[in-house]
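*Asks:* mind folding the following:
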Amino acid sequence: GVLVAALLPCFWMYQDVGRRLHPLSHDAHPYRSWLDTYADEEFAASTARAIEIVTTVAATADEPSRHHMAQAFRASAGHEREFFAAPLISRR
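*Replies:* Purely as a prediction, here's the structure:
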């Protein structure tokens, strides 16, 4: 449970960022391939499946396990947030 919870932000956040930024993509965009990958409907379906897996595991887990899953999710999401924020921080 902890492992799947820790992996979920990798799906969920990349899919969200890819979907939001994809409208800005164009043929010469340096991250076009990345944006195409994470805005793709197949990746959105994979993300929905990952959310479903974590939800199912959490629903059947005991309270200590759910607590550890939540901690892992938050830690992983924090690392992803820092990854995306790094270019903004380096500009300061």
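*Asks:* residues touching the nearest residue to Q15 once chain neighbours are set aside, list them.
*Replies:* Nearest non-adjacent residue to Q15, counting by Cβ to Cβ, 6 or more residues apart in numbering: T47, 4.2 Å away. (C-beta placed from N, C-alpha, C; glycine too.) Contacts for T47 (Cβ atoms under 8 Å, 6 or more residues apart in numbering) come out as 11-12, 15.
*Asks:* what about these, which are in helices?
*Replies:* Those of the contacts of T47 mapping onto helices are 11-12, 15, per DSSP state H.
*Asks:* give me the mean pLDDT for the helix or strand containing A77.
*Replies:* Applying DSSP states H and E as the criterion places A77 in helix 63-90. For helix 63-90, the per-residue pLDDT values average out at 92.
*Asks:* try stretch 7-26
*Replies:* Mean predicted lDDT for stretch 7-26 stands at 95.
*Asks:* all further residue positions should be reported with the first residue as 42.
*Replies:* Yep, numbering from 42; the last one is stretch 48-67 now.
*Asks:* what's that stretch in contact with?
*Replies:* Stretch 48-67 is contacted from outside by 72-73, 75-81, 84-85, 87-88, 91-92, 95, 114, 117-118, 120-122, 125, using Cβ under 8 Å, 6+ apart.
*Asks:* narrow those residues to those that are buried.
*Replies:* For these, a burial check counting by 16 or more other Cβ atoms under 10 Å picks out 75-76, 79-80, 84-85, 88, 91, 95, 114, 117-118, 121.
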